[in-house]
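>>> only geometry, no sequence info:
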């Protein structure tokens, strides 16, 4: 598939993205494409060094690169240099996406409680239910087959994709995106063992509080707390199929890749980068700026900011990989 | 968020929970709260030793503790001592939750097959479909956007949360909770390789049978068997995003934390405790009372009751951690 | 549960499955059953050597076995020998399932855009939405509570199970099965870090392209690419709760068990067998015919066809297990 954009010259692109042209300022692009398959008329971009060799083979008309990029060979393609090619691309995609979002501003076939209050230009799809006393901010878009419980607060300019379920008392900020099928505010997993070996359910009466500018992935689940709140900070990004247990707190701007799970009452700092399929046990505290490699299992507190962890159980990444090199070598002994 | 409860004195709480007061019997509480943030007028509880220091700093009016708790310093807070503070809290939350569940007893906009039979006081939400010959017991509650297939049996006093999909021929006992988005009775993953490298689908004609007092987490999937049944015993608790493959059997009162997966035809004993992100391969048999640590990968039978396992592949936990200590130390050599 | 089939004699079964009878050709079966619990009147099958002992204890009337099976003791049961018992069983289950699929050919309560084009004998369930300019091929079945976006192409004879969400511009071939709750074509996880530590969303304008004869598991998520396409080849089988990130390509006939995740832009070859809970990092290339053991974490390219990997990080399986044997023994030193 090729994404069509309006026709733009290299010069116009450079102006829009605060960049500079190197090559033919009149080179025209009308679509995006990946650098591996660059074709004439396309705009490509280059940021990941893994793809460096394609810079010299792409037949694209314009290539977006970082300002400090130094080619190793002469180039055919016209360059547009910007401070950060990846961010500039994001801006451009964002601009095009915004042009496309011509929301139908109607109400679908839905059941909205009488006591719910919807702001202006709220879009509600088909087969949606909205519970009593729920408040939804201006320009928020609720897609098809969504259920929103009672006494929920959702801010402005949010997108709630199809099949999302938001439970009672959840609080959601502005500019939040909930992707398809995610579940916000279901009961946490709390059971008290009885003398006969059976389990008694701990009822959950708390809620989930999500800040502004948050994105939650498809089919991810965020449990409410038994008391008080599970808290997702501002600017947090959570990928698909993640599990956030009851009472967890996640600091601002922390990102988490797919299939990661955080057990109950863990407190995750700000600006952490947590890769995919990571597990973090309950009741620990992870410092700000922690980086955790994919598949790691964190079983204790991380006290110092800026650590890089890996492994099961997780150690300092360098230490783990040094021990693993010996583990690997031991097979040959 | 603060959860309001009716005003109760320490004395009344002690009577309700079969406990004893230590301190001011007339101390009044009107809300719950976590011990870390205890405020006047609140009821806190203390069971996890990790939180011991907060016992001496909470400003809550009443603190629920185990009968055998021995403070290390003098306390300001009034204590209510009970046999098991965690269970007592569960009881109290349960009581409050039961007060809140004033079900609307109506039928929403839904499609219920003519031949389906619903018991008395069954609550059915909006955009629900119920298939032919399906039977639903008294006081069961089917939330919005649920689909229930043909010839399904669901017991009494169950809660089927929004977005759940229950497939044909499933049998579900009494007091079962299916959390949002879980899928019960979809096809197992069965494919027979053909000579040309392609796969032929194995049709699944069996079903899933779930006992009484079971709780299944949000977005968890339980596959039906090709023949016969996938069986979930009484009192089982399965957390969010778990995968139970075709033909699996899970014994009574076994609990399983989030993102764990059990491969096809595995037989899990009773009273097992399986942590999060565990994997168990197919066709194995796990003895009763087995404990499996988070992220472990179990690749063989566990024959003796009461074992504690950890690691990939899983070993006896103590053995694994001893070997891991040497692995870790080897990085320094 | 016992699955009833039409009454058949051993001779009739042998003819239907191109096999030969050994024992009583007039032995009659009327239901399926597992070999562990074989009862008179049942058809059992034997393919997995783990179940060999039951061959001599089953009381079933007929047993389906591989042509080269050599019993170690005299047998009571009548055998039907076929080239491949597992495939023959698949064929039989398939036949029975096909007899059962008497689709109601109606349109439920649904919202289908005027500009959508549906082929002949398309079945659409209740509470379904189909977006503008979407095309759906003949005999495809869309179950309840499904949402299908704009400009989607779905081929013929597909089954889209309840609660599936297919996003705009997705292309799906013929004979594809999307299981309940799976999400196809949602935004990938792309974020560009800003100077203040916050993240800017990368808009995703590409799509997902799925070939013919593909099966996607329940609650699995497949993200669309920011530009161009995420591609799932012909004959691919993906189990439940898997995550396929943006720009991934999966070759023909590759299978993937539950809870596996493939990070962005990874290219997976053809005929690979990927077990459950595996993780593959982004931007790698995995050769055809690679086998990856459960829970493995693959962090680099796999260049040679036919390799067998295991571990975190993944090594050659034999090498890993040899090193692990020493790791395990080190606990005793």
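Everything's here; your move. Keep in mind the model is a prediction, meaning the values are calculated, not measured.
>>> residue A:141: neighbouring residues, count only.
Number of residues near residue A:141 (other C-beta atoms under 10 Å in any protein chain shown) recorded here: 20. C-beta here means a position set from N, CA and C on the backbone, and glycine is covered the same way.
>>> residues near the nearest residue to residue A:311 once chain neighbours are set aside, how many?
Closest residue to residue A:311 apart from its sequence neighbours, by C-beta to C-beta, 6 or more residues apart in numbering or on different chains: residue A:320 at 4.0 Å. For residue A:320, the neighbour count with other C-beta under 10 Å is 23.
>>> so residue A:320 touches residue B:324, yeah?
No: counting by C-beta atoms under 8 Å, residue A:320 stays clear of residue B:324, with 10.7 Å between them.
>>> I'd say residue A:306 and residue A:289 touch.
Yes: the criterion here is C-beta under 8 Å, and residue A:306 meets it with residue A:289 at 4.7 Å.
>>> of those two, which one has the most company?
residue A:289 (19 against 11).
>>> three-state assignment of that one?
Assigned with DSSP: H, G, I helix; E, B strand; the rest coil, residue A:289 falls in the coil class.
>>> which residues touch it?
A:269-272, A:305-306 (C-beta atoms under 8 Å, 6 or more residues apart in numbering or on different chains).
>>> now do residue A:258
A:217, A:239-242, A:276-277, C:189, C:221, C:243, C:245, C:261, C:263.
>>> would you verify that it is located in a strand?
No: counting by three-state DSSP, residue A:258 is located in no strand; its state is coil.
>>> picking up where we left off before, of the contacts of residue A:258, which one scores lowest on pLDDT?
In terms of pLDDT, the lowest of these is residue C:189, showing 95.
>>> assign that residue to helix, strand or coil.
Classification of residue C:189 by three-state DSSP places it in coil.
>>> point out where the stretch 51-200 of chain A drops to low pLDDT.
For the stretch 51-200 of chain A, applying pLDDT under 70 flags the ranges A:99-106.
>>> can you give me the helices in it?
Under the criterion DSSP state H, counting those that start in this stretch, the stretch 51-200 of chain A contains helices at A:85-100.
>>> now residue A:140. Nearest residue, chain neighbours left out?
residue A:158 (4.3 Å).
>>> next: residue A:61.
residue A:27 (4.6 Å).
>>> residue A:275: neighbouring residues, count only.
23.
>>> with residue A:218 instead?
34.
>>> thinking it is in contact with residue A:181, fair?
Yes: counting by C-beta under 8 Å, residue A:218 touches residue A:181, with 5.3 Å between them.
>>> shared neighbours, the two?
Between them, residue A:218 and residue A:181 share these contacting residues under C-beta under 8 Å, 6+ apart: C:165, C:183, C:221.
>>> I'd like those laid out as a markdown table, including neighbour count.
Below are the shared contacts of residue A:218 and residue A:181 laid out as a markdown table (neighbours: other C-beta atoms under 10 Å in any protein chain shown):
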| residue | neighbour count |
| --- | --- |
| C:165 | 31 |
| C:183 | 30 |
| C:221 | 30 |
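>>> of these, closest to residue B:65?
Using C-beta to C-beta, residue C:221 comes nearest to residue B:65 of the shared contacts of residue A:218 and residue A:181, at 44.3 Å.
>>> may I have the beta-bridge partners of the closest one?
residue C:183, residue C:243 (DSSP bridges).
>>> the stretch 1-150 of chain A against chain B: which residues are in contact?
Proximity of the stretch 1-150 of chain A to chain B is confined to A:111, A:127, A:129, A:145, A:147 under the rule C-beta under 8 Å from any C-beta of the partner chain.
>>> now those residues as TSV including neighbour count?
Output for these, formatted as TSV (neighbours: other C-beta under 10 Å):
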residue	neighbour count
A:111	17
A:127	30
A:129	26
A:145	31
A:147	28
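>>> state the pair within these that is farthest apart.
A:111 and A:145, at 12.3 Å, using C-beta to C-beta across the residues of the stretch 1-150 of chain A next to chain B.
>>> tell me, what's touching those two both at once?
residue A:128.
>>> who's in contact with the nearest residue to residue A:123 once chain neighbours are set aside?
Nearest non-adjacent residue to residue A:123, counting by C-beta to C-beta, 6+ apart: residue A:141, 4.2 Å away. Shown in contact with residue A:141 (C-beta under 8 Å, 6+ apart): A:103, A:122-123, A:158-160.
>>> top of those by neighbour count?
Most neighbours among the contacts of residue A:141, by other C-beta under 10 Å: residue A:160, with 28 neighbours.
>>> please name the bridge partners of it.
Beta-bridge pairing for residue A:160 (DSSP bridges): residue A:142, residue A:178.
>>> hang on, the earlier thing: show only the entries of the residues of the stretch 1-150 of chain A next to chain B found in strands.
A:111, A:129, A:147 (DSSP state E).
>>> so who does the first one touch?
Read it as residue A:111. Shown in contact with residue A:111 (C-beta under 8 Å, 6+ apart): A:128-130, B:108-109, B:126.
>>> how about the most centrally placed residue in chain A, phi and psi?
When C-alpha atoms, centre = their mean is applied to chain A, the residue found nearest the centroid is residue A:237 (3.5 Å). The phi/psi pair for residue A:237 (degrees, to the nearest 10) reads phi -130, psi 120.
>>> specify the beta-bridge partners of it.
residue A:215, residue A:255.
>>> that one touches residue C:189, doesn't it?
Yes: using C-beta under 8 Å, residue A:237 is in contact with residue C:189, at 7.1 Å.
>>> now do the closest residue to residue A:174 other than its chain neighbours: how many residues are near it, please.
Nearest non-adjacent residue to residue A:174, counting by C-beta to C-beta, 6+ apart: residue A:155, 3.7 Å away. Other residues lying near residue A:155 total 22 when counted by other C-beta under 10 Å.
>>> do the same with residue A:253
Neighbours of residue A:253 (other C-beta under 10 Å): 25.
>>> who's in contact with it?
Residue A:253 makes contact with A:233-236, A:270-271, C:197-199 under the criterion C-beta under 8 Å, 6+ apart.
>>> nearest to residue C:82, out of those: which one, please.
Distances from residue C:82 to the contacts of residue A:253, taken as C-beta to C-beta, are shortest for residue A:236 (55.6 Å).
>>> distance of the closest one relative to residue A:157?
Distance of residue A:236 to residue A:157, given as C-beta to C-beta, to the nearest Å: 17 Å.
>>> surely residue A:13 is within a helix?
Yes: counting by three-state DSSP, residue A:13 is found in a helix.
>>> leaving out chain neighbours, which residue sits closest to it?
Distances taken as C-beta to C-beta, 6+ apart place residue A:80 nearest to residue A:13, at 5.3 Å, with adjacent residues excluded.
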